[in-house]
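Visitor: Only the shape, not the letters, is given here:
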């Protein structure tokens, strides 16, 4: 299912921009030391890790993007394992089957397993969350510090939302939810996380930098337009673990595209309605975590959590995650669309698992079977809706288009005539692949 969806996924402006930069590793042997452009401010995030993970696999496929897409899928599976490993230690009482269903069948993680920089974020935030939970559970302090620093430095190279992890880290230290980081852990995590950042800093501080770029700080401005977005962020945060991806079917975002596809494919309606009801139930279960007034009052009363029990510390952290995220968007040039805080995914499973672990009556209705059924319906409906959508520029169609043109001619001067015969929405993507594959 992951492999299928990764080929059906949308491949347009953002994905193409990332691929074009990363593919220089294959076409020119140059590992560019920055990621794709942050379009709002024409700035660049530092580091070559994104280009290595997307450009490196092209050597296996001769330039065809299926290898890069496969790399994303494999990393998403590793992310699932790290999240599963972490929650097994937080909630040993919850059955392995239920936890497996929540983590490995997660529709959000599968839908976002594509050639897109936010797709890599849960991998690094899972390291960060693992480090936080290990510290709270009194595991190795050096390891937990290293994991948190490595997670931050990894996320830094993919998306501006890395600043959320820095904010969480400072917050947790200030309220003494976690111990003060161990110097050796910071050093080890810092060295490992900086390996792909080294060339960027050498160029940045050299006397004659190769290329001028905008600064990261130019993305930070006071933005009061997001004052009313708290409940939107909270609902979506809890929804990450529920399978509620309905408005992302058919194109990659927006109810308009989804409803248009559903109108012309009535066979999808029963599954779609069932998915909405099932996902809404799981979201309501997760929201119960935030509606517990007794615990909520405690989260605003104390400033020192060093002596609190482990679950209480984790409750405090997860309670504040959407609130801190909302506050951060008050200083962001970009609004809180789901991908801008997709980095929170590993933490999003905590509310619903905490409620299921604590409320036995609810646990009867949230079983491994029910979650599996809801998620499989979601993935089936989503795959079909995306496949039949006229709004999606499917990755696999672009690869086939490039392959067909190359079979007819390898002369770049003749490509423009061949491209005119393709749908307009596919031309730029096919042209990008032709340039890369030809090398």
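Guide: On my side now, so go ahead. Just so we're clear, the structure is a prediction, and the values are computed from it rather than from any experiment.

Visitor: okay, and the helix or strand of this protein with the least pLDDT?
Guide: Here the helix or strand of the chain ranked lowest by mean pLDDT, DSSP states H and E is helix 360-363, holding a mean of 69.

Visitor: could you point out which element follows that one?
Guide: helix 368-388 (DSSP states H and E).

Visitor: And residue 142, how far from residue 124?
Guide: Between residue 142 and residue 124 the computed distance is 19 Å (Cβ to Cβ, to the nearest Å). C-beta: built from backbone N, CA, C; applies to glycine.

Visitor: ah, wrong one, I meant residue 19
Guide: Residue 19 is 20 Å from residue 124, where distance means Cβ to Cβ.

Visitor: Between these two, point out the one with more neighbours.
Guide: A count of neighbours by other Cβ atoms under 10 Å puts residue 124 above the other of residue 19 and residue 124, at 27 against 23.

Visitor: Give me the nearest residue to that one, chain neighbours excluded.
Guide: Among residues not flanking residue 124 along the chain, residue 154 sits closest, at 3.7 Å (Cβ to Cβ, 6 or more residues apart in numbering).

Visitor: Packing partners of the particular helix or strand that has that neighbour in it?
Guide: Using DSSP H and E, residue 154 maps to helix 141-155. Judged by 3 or more Cβ pairs under 8 Å, 6 or more residues apart in numbering; DSSP states H and E, helix 141-155 is in contact with helix 121-136, helix 162-174, helix 183-194.

Visitor: avg pLDDT for the first one?
Guide: This points to helix 121-136. Averaging pLDDT along helix 121-136 yields 95.

Visitor: from here on, count from 30
Guide: Fine by me, first position is 30 from now on; the one you just mentioned is helix 150-165.

Visitor: quick one: low-confidence ranges for this structure?
Guide: 65-66, 68-71, 235-248, 275-284, 330-333, 335, 389-390, 392, 468 (pLDDT under 70).

Visitor: what domains does the record give for it?
Guide: 31-421, 429-467 (automatic domain parsing).

Visitor: Please identify the deepest-packed of the ones you listed.
Guide: Of all the domains of the chain, domain 31-421 carries the top mean neighbour count, a mean of 19, counting by mean count of other Cβ atoms under 10 Å.

Visitor: Distance check, residue 59 against residue 271.
Guide: 42 Å.

Visitor: ugh, typo on my part, it should be residue 254
Guide: 27 Å.

Visitor: Could you do residue 421 as well?
Guide: From residue 421 over to residue 271 the distance is 23 Å, taken as Cβ to Cβ.

Visitor: same thing with residue 317?
Guide: 13 Å.
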